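Asks: Mind looking at a prediction? Sequence and model below.
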Amino acid sequence: MAETKRPSPAAGKEKKKTSPPEGRKKRTAHKTKELSADIWYAVLLTSSLILVSIVIALVTITIGTNRTANTVITEAAPEPEPVIAVKPVPVAAVIPPKPAPVAAAVEKPAPPPAAPAQVPATAAEPVPAKPVTAAKPQPAPPPAAPEKPAPVAAVPARLATPPEQPPKPRHRGTVAVIIDDAGNNLHELEPFLNFPGPLTIAVLPGLPYSAEAARRIRAAGKELFLHQPMEAAGGQPPGPGAIYSDMSPAEVLEVLRRNIAEIGPVSGMNNHQGSKITADPQAMETVLAFCRDQGIRFLDSRTTAETAVPAAARKMGIKISERNIFIDNEQERAAMSRAIKGGLALAAGSGRSVMIGHVWSPELAALLAELCPELIEQGYSLVTASDLIDK
């Protein structure tokens, strides 16, 4: 009988020793597969979280940038017009939609929304998701109260105020210039009618051109005086319409009325010659009473130092004036200029002066016209004889 071979115990042991390693390898491979799946899942989850964080950060930065730009624009822009009111935009129109979950395909963040003032209220629907705290917009500021329009008085001073004028010179004195002896002709009178400033012209009565000269003087806007002839102490003939010392008060008044009727109306009178009459208090009281009743002024030409006119005027309470300077006792231009400067010096010292010239001085009208602007620039006031008496 053939001998049956039985496996030796060693062989069984060998089999047993061989099996365990092969099972262990299978279990190890299975565990490795499971671990690899977990690792990849963890990596994918981590990557998703990182991407979500990046998306949230980008959205937050975008919204913050828009808010900063809107704030800068709001601060830099001019105040709104009073009639325009800014309507607040609902929060739903400002918050951008939240990105899709990471489980889906990751997309780039949507572009920032347009400025709130340009987005209509229905431009976006609210997303039913938890809003991002950092992206919560601030409520729109209330519109500024409209300002009242500035009153006219609030216009800047530099626009309301006129251009600065040069300072006026200090006032140095008041001067009146009287031109005597008009009425003999008209060509001598004409240059004085064109004088650029105030001027008083005295007309003699009873001459060929007395009435016409008076009419032209008034038409030129110059002041008209009656140059009343009076008897002189030396016996020189005073001319027509004169007052003589042997006349009664009634005769004196009659002469004065006749002369005024010829050349009037007049603003006043002064004496032509008259050294004898002006020294007579009674005769001068008659003349001054006539002036008072007619409402005209009297100016003493002071043809004599013995004049009784100032005393008679004080007695009667009448204001008069007196001549200070004869301009053309010498008719050379230089001499007349010196006389005028003397009258200005007197005005600067006493406040006023009266200067008398004559219509027959050939260069006097041109000299006065030349000096008039200079006198004003130096601070002198040129007035009529009546203005000077009334001051």
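Replies: Right, received. Where do you want to start?
Asks: switch to C-alpha atoms for all contacts and neighbour counts from now on
Replies: Fine.
Asks: can you map out the helices along the protein?
Replies: In order along the chain, the chain carries the following helices (DSSP state H): 9-76, 157-160, 190-193, 210-219, 249-263, 281-294, 309-316, 333-350, 364-377, 385-390.
Asks: Rebuild those helices as a markdown table, extending it with distance to E231 and mean neighbour count.
Replies: Compiled in a markdown table, the helices of the chain are given as follows (distance: least, Cα to Cα, whole Å; neighbours: other Cα atoms under 10 Å):
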| stretch | distance to E231 | mean neighbour count |
| --- | --- | --- |
| helix 9-76 | 93 | 13 |
| helix 157-160 | 63 | 9 |
| helix 190-193 | 28 | 18 |
| helix 210-219 | 20 | 19 |
| helix 249-263 | 12 | 16 |
| helix 281-294 | 11 | 17 |
| helix 309-316 | 15 | 16 |
| helix 333-350 | 27 | 17 |
| helix 364-377 | 27 | 16 |
| helix 385-390 | 23 | 18 |
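Asks: what about these, which gets the closest to L204?
Replies: Proximity of the helices of the chain to L204 was assessed by Cα to Cα; the nearest stretch is helix 210-219, lying at 6.4 Å.
Asks: Confidence-wise, which helix or strand of this structure is lowest on average?
Replies: helix 157-160 (a mean of 53; mean pLDDT, DSSP states H and E).
Asks: Which segments of the chain make up each domain?
Replies: In terms of domains, the chain is parsed into 27-135, 173-390 (source: automatic domain parsing).
Asks: Of the ones you listed, which shows the lowest average pLDDT?
Replies: Considering the domains of the chain one by one, the lowest average pLDDT is found for domain 27-135, at a mean of 55.
Asks: show me what contacts the residue lying closest to I325 once chain neighbours are set aside?
Replies: If you skip the residues right next to it in sequence, I325 has M355 as its closest partner in space, 4.7 Å away by Cα to Cα, 6 or more residues apart in numbering. Applying Cα atoms under 8 Å, 6 or more residues apart in numbering to M355 gives the contacts V175, A176, V177, I178, R323, N324, I325, F326, I327, I340, G343.
Asks: what do you get for W360?
Replies: Neighbouring residues of W360 by Cα under 8 Å, 6+ apart: D181, E188.
Asks: how far away is it from P196?
Replies: 19 Å (Cα to Cα, to the nearest Å).
Asks: Export the contacts of M355 as a markdown table, with columns for distance to N259.
Replies: Shown next, in a markdown table, are the contacts of M355 (distance: Cα to Cα, whole Å):
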| residue | distance to N259 |
| --- | --- |
| V175 | 28 |
| A176 | 24 |
| V177 | 23 |
| I178 | 19 |
| R323 | 22 |
| N324 | 26 |
| I325 | 26 |
| F326 | 25 |
| I327 | 26 |
| I340 | 31 |
| G343 | 31 |
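Asks: Which members of the residues you listed occur in strands, if any?
Replies: When the contacts of M355 are checked against strands using DSSP state E, the ones located there are V175, A176, V177, I178, I325, F326.
Asks: List just the nearest of the residues you listed to T62.
Replies: Among those, V175 lies closest to T62 (Cα to Cα), at 86.9 Å.
Asks: Cool, thanks, talk later.
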